[in-house]
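Peer 1: Sharing a sequence plus its predicted fold:
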Amino acid sequence: MADVARAASVSPITASRALRGERAVAPDLVERVRQAAQTLGYVPDPAARALASQRSTLVPVLVPLLSNALFVDVLEAVHRGLAPHGYQILIGVTHYDPQEEEKLLTSYLAMRPAGLLLTGFDRTDEARQRLAASGVPCVHLMETTRAPDVYCVGFSQQDAGERMVQHLLDRGHRRIAFAAAQLDPRTLQRAEGYRRCLRAAGCYDAGLELLSSEASSVRLGGELLAQLLDKHPDIDAIFFCNDDLAQGALLAAPRLGIRVPDQVAVAGFNDLAGSAEMLPSLTTVRTPRQAIGEESARMLLALMRGETPARNCMDLGFELTVREST
């Protein structure tokens, strides 16, 4: 900064203000400073600026995977909400591992971020303690809680799972299987919704659950369909925890000689790209991922400004999207 100021024949404080875009600096001086900075290849250090001003512009966003379109949609919405206000997004990928998330949090908190956006509530005790001690404003994504003083934007995964199973029951299905992969907390919440609904209807069978720790994929969906039909040829519907699994099942069904939905109804979750174009088109739960990104950004902006949001928990709901596969 001193080199830039010397090259522009201004004081260091004027150079700093000019590069920050403060209106008090005359336009000709701003142009002179910017030209000097460009000539010297000077790039402001956000960490140093945060230390000097006691105000950071960094906002880490921790998500489980970038290969899942669900979280890409959330990230895009978050970026659109925060970038116009001068905040820089840092993306951390936890791979559904609380220990990995703890390491990322430790690293990011050392940067004195302005705020944090975290996926869900599944984290280590150490991570919770560090978050609480940091005092950094934090909003949780994708899930909701009634806990006081916890800010979150999402929907009830359990209610959404229950609603899908109720739809299958309303269509006359009784031997309803549940196929899941990854087995992260939100998937397990959907599984609990599945169980709750079938228990209430008096037709729950624990043997119809097929839970795989593998990563969710189209390939795995076809394999899970084949395994379920081999073990339980009398099932009349399958609720897949994710659309990619359900899409894989729909692609594999003709190869296995299975007619969907005449023999077996197939349902998914999240309404990912391509689900409406499957043959038959996929019945699924449409989740408000774009709205979650937008509202969580607004909530965090308020917290970073020292304001108290009108609500600490926003339940944005979900939409049952009925198509041809059920």
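Peer 2: That came through fine. Residues are numbered from 1 along each chain as shown.
Peer 1: any idea where the helices of the protein begin and end?
Peer 2: 2-8, 12-20, 27-40, 46-53, 69-82, 98-109, 125-134, 157-170, 185-201, 218-231, 243-256, 289-304 (DSSP state H).
Peer 1: Where among the ones you listed is average confidence lowest?
Peer 2: Ranked by mean pLDDT, the helices of the chain bottom out at helix 46-53, with a mean of 55.
Peer 1: Same list, the helices of the chain, but as TSV with distance to Ala177 and mean neighbour count please.
Peer 2: Using the backbone N, CA and C atoms, a C-beta is placed for each residue, glycine as well. Output for the helices of the chain, formatted as TSV (distance: least, CB to CB, whole Å; neighbours: other CB atoms under 10 Å):
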stretch	distance to Ala177	mean neighbour count
helix 2-8	66	17
helix 12-20	59	18
helix 27-40	63	15
helix 46-53	51	13
helix 69-82	23	20
helix 98-109	29	17
helix 125-134	35	13
helix 157-170	10	21
helix 185-201	9	19
helix 218-231	5	19
helix 243-256	11	22
helix 289-304	26	22
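Peer 1: how far away is the closest residue to Arg32 other than its chain neighbours from Leu19?
Peer 2: Excluding its sequence neighbours, the residue lying closest to Arg32 (CB to CB, 6 or more residues apart in numbering) is Ala8, at 4.6 Å. For Ala8, the distance to Leu19 (CB to CB, to the nearest Å) stands at 10 Å.
Peer 1: who touches the residue nearest to Thr283 when sequence neighbours are not counted in this structure?
Peer 2: Nearest non-adjacent residue to Thr283, counting by CB to CB, 6+ apart: Thr326, 4.1 Å away. Thr326 makes contacts with 167-168, 171, 237, 261, 265-267, 283, as judged by CB atoms under 8 Å, 6 or more residues apart in numbering.
Peer 1: Among those residues, which one has the most neighbours?
Peer 2: Counting neighbours by other CB atoms under 10 Å, Ala267 comes out on top of the contacts of Thr326 with 30 neighbours.
Peer 1: and that one, bridged to which residues?
Peer 2: For Ala267, the beta-bridge partners under DSSP bridges are Phe239, Thr283.
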